[in-house]
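>>> generate a structure from the sequence data that follows.
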Amino acid sequence: MISLQNVCRHELIGLEAKVSNSTNPEQIGISGIIFDETKNMLVINSEDGLKKVQKKGAEFDLKFPDETLVRVDGSVLIMQPERRISMRIKNLR
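Numbers count the residues shown, from 1 in each chain. Model prediction:
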């Protein structure tokens, strides 16, 4: 089950997301469902269509299925999704 402790090792596709901060000011406020993920990008299906947001330099507010919100630094997510999910993380705080 997805939680605050394991969000970095979990599948993100299908979660609600909002760009809360970014080095690109035009991306702040983009929100919708995560449609796809690559090593360096999240593709968010927003009201205006698919938007590609670079992970590096951005912070995302993710909404879990149980309505819990968590803010994630995108630089922590920079990795191929299939490798990140199977990776073991020590001392996750």
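
>>> pull the CA atoms of stretch 68-77 into CSV?
Extracted C-alpha coordinates of stretch 68-77, given in CSV (Å, rounded to 0.1, in the frame of the first residue of the first chain):
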residue,chain,number,x,y,z
THR,A,68,-3.7,11.9,2.1
LEU,A,69,-1.6,14.6,0.5
VAL,A,70,2.2,14.5,0.4
ARG,A,71,4.8,16.9,-1.1
VAL,A,72,7.6,15.2,-3.0
ASP,A,73,10.8,16.8,-4.3
GLY,A,74,11.0,15.8,-7.9
SER,A,75,14.7,15.3,-7.8
VAL,A,76,14.2,12.3,-5.5
LEU,A,77,12.1,10.7,-8.3
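
>>> pLDDT on it, on average?
What stretch 68-77 shows for mean pLDDT is 90.

>>> buried set for that stretch?
72, 74, 77 (16 or more other CB atoms under 10 Å). From N, CA and C alone the C-beta is placed, and that goes for glycine too.

>>> list the contacts for the nearest residue to the last one once chain neighbours are set aside?
Counting by CB to CB, 6 or more residues apart in numbering, residue 77 lies nearest to residue 55, which is 5.0 Å off, once chain neighbours are set aside. Contact analysis of residue 55 by CB atoms under 8 Å, 6 or more residues apart in numbering lists 40-42, 74-75, 77-78.

>>> next, format the residues you listed as a markdown table and append secondary structure and distance to residue 23.
Listed next are these as a markdown table, based on DSSP: H, G, I helix; E, B strand; the rest coil; distance: CB to CB, whole Å:
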| residue | secondary structure | distance to residue 23 |
| --- | --- | --- |
| 40 | coil | 13 |
| 41 | strand | 14 |
| 42 | strand | 15 |
| 74 | helix | 10 |
| 75 | helix | 11 |
| 77 | helix | 15 |
| 78 | coil | 14 |
